[in-house]
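A.B. asks: Provide a 3D model corresponding to the input given below.
(one chain, ligands or ions: 1)
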Amino acid sequence: MNKDTVLDIQGLSKTYKNNRGIDNITLQVRRGDVYGFFGPNGAGKTTVMKIVTGLVKADRGSVRVFGYDVNEHYEEAMKDVGVLIEKAEAFEYMSGRKNLELAARLYPHLPNTRVDEVLDLVGLSANKKEKVGHYSLGMKQRLGIASAILSKPQLLILDEPTNGLDIEGMVEIRELIRRLAVEEQITFFVSSHLITEMEMICNRIGIIHNGRLIREGDIGELLQESGQSLETYFVQQIRAEREAANHEPAPIQYH
Ligand SMILES: Nc1ncnc2c1ncn2[C@@H]1O[C@H](COP(=O)(O)OP(=O)(O)OP(=O)(O)O)[C@@H](O)[C@H]1O
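C.D. replies: Here you go, the predicted structure:
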């Protein structure tokens, strides 16, 4: 394993009772990457992220985070990892700041200034005294990210962080990811079903479809290879996959 590899996923498989799941996923996220994990709804992104963070057990394969096997050395592996999977949860009747103060209790060694520092980083300083119940969805998501970066993680795992947000909310999250990557030097493993979004924020991308990783590479390389947009590239890739599997073209369905 390269010393710059932060997350190393090898041959990961999981089949749920309904026969859906993921099949033999291998990918690497390197230090400094904003790695986009792209695929349509139901492709298997959340399953991979849940296995990486120990929420779901894989049938086969391994996950190493900062060189530590997640199954064998969970605490060491997760020490420098921040996670936001599915919707950010917070106490709606408390202020944003109060919510973060509560979360900060999990990390007794954090300086007292850290809560205000992260509120500033995610652009919520002006709203810190407002009840979370009055926050927009985008502000709640940013509060979730604030909570995930409280402990100054080196790797941040975000599952569909812009899902359900309006345009302004999406832009704010994208800007935040880019800012955190530069200012806090956080490596990102971030999923989305929107390829244009991935193109805007990521340097590297893994494309998952029907539980299988169909392509991984630098965004620039993939764009050069396709000669077109990543959207067109993706559609070509899955059509080729389907044709190889069925020997006949099939329509693409978007959710
Ligand atoms: N607990 C579960 N039990 C049974 N099937 C599941 C379970 N969780 C996920 N699946 C199925 O596994 C497949 C992959 O789901 P997963 O949530 O990982 O995909 P995803 O790419 O994150 O999609 P989405 O963005 O819609 O969540 C889907 O077909 C889903 O229905």
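A.B. asks: Local confidence estimate at residue 253?
C.D. replies: Residue 253 carries a pLDDT value of 57.
A.B. asks: and what of residue 49?
C.D. replies: pLDDT, residue 49: 97.
A.B. asks: List the residues that contact it.
C.D. replies: Contact analysis of residue 49 by Cβ atoms under 8 Å, 6 or more residues apart in numbering lists 37, 85, 157, 159, 189, 191. For the C-beta atoms, the positions are set from N, CA and C on the backbone; glycine is no exception.
A.B. asks: Pull the most distant pair out of those residues.
C.D. replies: Taking Cβ to Cβ as the measure, those span a maximum distance of 12.0 Å, between 37 and 85.
A.B. asks: More neighbours: which of the two?
C.D. replies: residue 37 (31 against 20; other Cβ atoms under 10 Å).
A.B. asks: So which bits of the stretch 101-250 of the chain are right by the ligand?
C.D. replies: 160, 193 (Cβ under 6 Å from any ligand atom).
A.B. asks: Mind jotting down where the helices sit in the stretch 101-250 of the chain?
C.D. replies: 114-121, 137-148, 167-183, 195-201, 219-226, 230-246 (DSSP state H, counting those that start in this stretch).
A.B. asks: which one of the ones you listed has the most crowded surroundings?
C.D. replies: Ranked by mean neighbour count, these are led by helix 137-148 with a mean of 23 (mean count of other Cβ atoms under 10 Å).
A.B. asks: which residues touch that helix?
C.D. replies: Helix 137-148 is contacted from outside by 82-84, 87-90, 96, 99-100, 103, 118-119, 121-124, 127, 132, 135, 156, 158, 161-162, 164-166, 168-170, 172-173, 176, 180, using Cβ under 8 Å, 6+ apart.
A.B. asks: cool, and stretch 96-109?
C.D. replies: Outside stretch 96-109, the residues that touch it by Cβ under 8 Å, 6+ apart are 90-91, 94, 110, 114-116, 118-119, 124, 127-130, 132, 135, 139, 143, 146-147, 150-151.
A.B. asks: Okay, buried residues for that stretch please.
C.D. replies: The neighbour-count check on stretch 96-109 (16 or more other Cβ atoms under 10 Å) flags 96-100, 103-104 as buried.
A.B. asks: Measure how far it is from the centre of its chain, please.
C.D. replies: Centroid separation between stretch 96-109 and its chain, computed with Cα atoms, centre = their mean, to the nearest Å, is 22 Å.
A.B. asks: Take that stretch, keep the C-alpha atoms, and write them as PDB.
C.D. replies: Listed next in PDB are the C-alpha coordinates belonging to stretch 96-109 (Å, rounded to 0.1, in the frame of the first residue of the first chain):
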ATOM      1  CA  GLY A  96     -26.700  25.200  16.600                       C
ATOM      2  CA  ARG A  97     -23.900  26.200  19.000                       C
ATOM      3  CA  LYS A  98     -25.500  24.200  21.900                       C
ATOM      4  CA  ASN A  99     -25.700  21.100  19.600                       C
ATOM      5  CA  LEU A 100     -22.000  21.400  18.900                       C
ATOM      6  CA  GLU A 101     -21.100  21.900  22.500                       C
ATOM      7  CA  LEU A 102     -22.900  18.600  23.300                       C
ATOM      8  CA  ALA A 103     -21.100  16.900  20.500                       C
ATOM      9  CA  ALA A 104     -17.800  18.300  21.700                       C
ATOM     10  CA  ARG A 105     -18.200  16.500  25.000                       C
ATOM     11  CA  LEU A 106     -17.200  13.400  23.200                       C
ATOM     12  CA  TYR A 107     -13.700  14.900  22.700                       C
ATOM     13  CA  PRO A 108     -12.600  16.200  26.100                       C
ATOM     14  CA  HIS A 109      -9.200  17.300  24.800                       C
END
